[in-house]
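*Asks:* got a predicted structure plus its sequence, pasted below:
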Amino acid sequence: MNVFVFDIETVPDVETGRRLYGHSQVEMDKLSDEEVARIMFQQRYQETDGKTEMLRHHLQKIVAIAGVLHTDNTFKIKSLCEPESSEKELIQRFFDTIQRFTPVLISWNGGGFDLPVLHYRALLHGIVAKRYWTFHGTDPEGDKFRFNNYLSRYHERHTDLMDVLASYQPSVFASLDHIATLLGLPGKLGMSGDKVWKTYLQKGVADIRHYCETDVLNTYLIYLRFELMRGNLSQDGYWQECQRLRDKLIAEDKPHFRAFLEAWQPSNQLPLPSDSA
């Protein structure tokens, strides 16, 4: 089974913000991106009666997509495209990966955030993603998607771990950082989603990509524990996959992977594999 664990990072879509919230285009063009974003945050704060400044999905611009791709022949941990790549190129690569491998998508809050953002931005850029949007017999393999497709909340072709583990009850949703910490995983390492915009303004796209990759690593390790809980991995199989990931990160020898490894200690909640007991 092919698996693609993914995460996205976003910033305010200031181009659309200029069109939506300016009294005139000339007036808004005089403002910096930071100033336009501030107007967008203020508008959202007012819309929600002071509950949040979090922008709605269609006003989020994607600046990074990271993934762990696990197939019979492939095990990759990387950000898609290059730091200078356009949003359109990022989104196209994401859907091209689905078109090529037809993987099971794994996310943390992907149904509530990542995929809706990808939908709106793909619509904006005219991205073709036929396999992803297959519901039934319109595809040569359509019958395989009728009862297990990427769009239906209760299907497994996209498994939103946050949603599934909460039994689809929003009142008991938990953050990725909290569940990672619960399981003895690194969680957030010096950065969080609310710092992405400031980092982006400081030309820190590389740092954002690294942060996105470590979020994906946390999600992947939670997924392995989920597969152990479901009986799809044995105890030994679980530890073998963890070691495989460790070996991969060591081989990559990148600073943010080294930091992740240093913070990643075996959980006290599980016994060691049988050959280490």
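*Replies:* All right, it came through fine.
*Asks:* buried set for stretch 145-160?
*Replies:* Neighbour-count burial for stretch 145-160, counted by 16 or more other C-beta atoms under 10 Å, picks out 145, 149-150, 157-160. C-betas here are computed from N, CA, C, even on glycine.
*Asks:* ok now that stretch, how far from the chain's centre?
*Replies:* 17 Å (C-alpha atoms, centre = their mean, to the nearest Å).
*Asks:* next one: stretch 70-86
*Replies:* In this view, stretch 70-86 has its centroid 13 Å away from the chain centroid, taken as C-alpha atoms, centre = their mean.
*Asks:* quick one: buried residues of it?
*Replies:* Here stretch 70-86 shows 70, 77, 79-81, 85 as buried, counting by 16+ other C-beta under 10 Å.
*Asks:* contacting residues around that stretch?
*Replies:* For stretch 70-86, the external contacting residues (C-beta atoms under 8 Å, 6 or more residues apart in numbering) are 2-5, 64-69, 89-90, 93-94, 97, 101, 103, 205-206, 209, 212-213, 216-217, 244-245, 248-249, 252, 257.
*Asks:* three-state assignment of residue 185?
*Replies:* Assigned with DSSP: H, G, I helix; E, B strand; the rest coil, residue 185 falls in the coil class.
*Asks:* same question, the one 3 residues further on
*Replies:* Per three-state DSSP, the secondary structure class of residue 188 is coil.
*Asks:* look up how far residue 240 lies from it.
*Replies:* Going from residue 188 to residue 240 by C-beta to C-beta, to the nearest Å gives 27 Å.
*Asks:* higher neighbour count, the two?
*Replies:* residue 188 (18 against 14; other C-beta atoms under 10 Å).
*Asks:* quick one: residues contacting the more buried one.
*Replies:* Going by C-beta under 8 Å, 6+ apart, the list of residues near residue 188 reads 177, 180, 214.
*Asks:* quick one: those residues as a markdown table, columns for neighbour count and distance to residue 29 too.
*Replies:* Listed next are the contacts of residue 188 as a markdown table, based on neighbours: other C-beta atoms under 10 Å; distance: C-beta to C-beta, whole Å:
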| residue | neighbour count | distance to residue 29 |
| --- | --- | --- |
| 177 | 18 | 38 |
| 180 | 24 | 42 |
| 214 | 24 | 37 |
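*Asks:* now, which of these lie within helices?
*Replies:* Taking DSSP state H as the definition of helices, those contribute 177, 180, 214.
*Asks:* pull the contacting residues for the residue lying closest to residue 111 once chain neighbours are set aside.
*Replies:* If the residues on either side of it in the chain are set aside, residue 111 comes closest to residue 160, at 4.1 Å by C-beta to C-beta, 6 or more residues apart in numbering. Contacts for residue 160 (C-beta under 8 Å, 6+ apart) come out as 107-112, 153.
*Asks:* and the furthest pair within the residues you listed?
*Replies:* 108 and 153 (15.0 Å; C-beta to C-beta).
*Asks:* after the helix or strand containing residue 251, which helix or strand is next?
*Replies:* Element membership for residue 251 (DSSP states H and E) is helix 235-252. Following helix 235-252 in sequence order, the next helix or strand is helix 255-263 (DSSP H and E).
*Asks:* any weak-confidence spans in this structure?
*Replies:* 23-26, 136-142, 266-277 (pLDDT under 70).
*Asks:* the strands in it, which residues?
*Replies:* 3-12, 60-70, 75-79, 104-107, 158-160 (DSSP state E).
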